[in-house]
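> Provided below for reference: sequence and predicted model.
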Amino acid sequence: MSKMDSSKLTDAIRVVVTVVLGGIGGAAGFTHTHDWAVHHGQTGWLAWADAVVIEGIAIVAGFEVRRDHQCGNPRKLTFPLLVLIAGFGIQMTAQVALAEPTPSGWLLAAMPALGFLVVVKLLLRRAPTEHDHAPAEPPPVPEPVKPAPAPPAVSTSETTQVLPRLKLPAPMAERIHAAADEARQAGRQLTPADVQAVVKVPSDLAARIVADLATA
């Protein structure tokens, strides 16, 4: 037998037992209350009306007390709770009023009505609540991640000095241009030795710098 079939069978047995116990307890409780009403002069349908009101008032008050708990009512003593206490007291009085005046007689007379109330209480525990029917809240939508701002662009002239064919750091290029200006003022061409005198570069790179400036 699968778990689902076993669960259905268990639920069916629970329903049958609940209905049987609740029906027997309710019938016995109603009969005691009816007989009590007849004993005090309420005959005919009035006796049954008293039985229905006395037995039903505790059940209705129980529903309202449960509703107050679900709504989060912070008050401990509410009107439905007072009605429940009063209805339960009247109901128990009706059960034991005509019973044998001994502890055993009172207990046996009250047991059917107590069993009926216990069954109703257990059914109330299984009843769906408002939270069960409330639609599930959608998951929070994550906020879009904003891209980090790009660092400000640094001017190329601050880092490199662009020659016609070579890119050199600005301080190095300035010194090379200064050496070239001095060579021109002296009436001669810039040589790789002049370049190496102002910047530390290999001889082949110095020759390329000279050739690059010469063709500029």
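Arrived safely. As the structure is a prediction and not an experimental result, all values here were calculated from the model. Residues are numbered from 1 along each chain as shown.

> could you use CA atoms for every contact and neighbour count after this?
OK.

> low-scoring stretches of this structure, by residue?
1-4, 123-166, 216 (pLDDT under 70).

> how close does Val52 sit to Ala58?
Here the criterion is CA to CA, to the nearest Å. By it, Val52 lies 10 Å from Ala58.

> more neighbours: the two, which one.
When neighbours are counted by other CA atoms under 10 Å, Val52 and Ala58 differ, and Ala58 comes out ahead with 23 against 15.

> that one against Ile90, yeah?
No. Between Ala58 and Ile90 there is no contact under CA atoms under 8 Å: 9.4 Å.

> helix, strand or coil for the residue sitting furthest away from the middle of the chain?
Ranking residues of the chain by C-alpha distance from their mean position (CA atoms, centre = their mean) puts Gly187 at the top, at 86.5 Å. On the three-state scheme (DSSP: H, G, I helix; E, B strand; the rest coil), Gly187 is labelled coil.

> look up how far Ala47 lies from it.
138 Å.

> Gln189 now?
134 Å.

> which one of the two is surrounded by more residues?
Ala47 (21 against 15).

> quick one: contacts for that one?
His34, Asp35, Ala37, Val38 (CA atoms under 8 Å, 6 or more residues apart in numbering).

> host element of the first one?
Element membership for His34 (DSSP states H and E) is helix 3-39.

> Pro80 now?
helix 79-96.

> for that helix, buried residues please.
For helix 79-96, a neighbour-count test (16 or more other CA atoms under 10 Å) marks 80-81, 83-84, 86-88, 90-96 as buried.

> now do it against helix 3-39, angle only.
Between the axis of helix 79-96 and that of helix 3-39 there is an angle of 70 degrees, by axes from the mean of the first three to the mean of the last three CA atoms, to 10 degrees.

> hey, C-alpha coordinates of stretch 20-37 in CSV?
This file holds the C-alpha atoms of stretch 20-37, laid out as CSV (Å, rounded to 0.1, in the frame of the first residue of the first chain):
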residue,chain,number,x,y,z
VAL,A,20,-19.6,8.3,15.6
LEU,A,21,-18.2,9.7,18.9
GLY,A,22,-19.5,13.2,18.2
GLY,A,23,-22.9,11.9,17.2
ILE,A,24,-23.3,9.7,20.3
GLY,A,25,-21.9,12.4,22.6
GLY,A,26,-24.1,15.1,21.1
ALA,A,27,-27.2,13.0,21.2
ALA,A,28,-26.6,12.1,24.9
GLY,A,29,-25.9,15.7,25.8
PHE,A,30,-29.0,17.0,24.0
THR,A,31,-31.1,14.4,25.7
HIS,A,32,-29.8,15.4,29.2
THR,A,33,-30.4,19.1,28.4
HIS,A,34,-33.9,18.3,27.0
ASP,A,35,-34.8,16.2,30.1
TRP,A,36,-33.6,19.0,32.4
ALA,A,37,-35.7,21.6,30.5
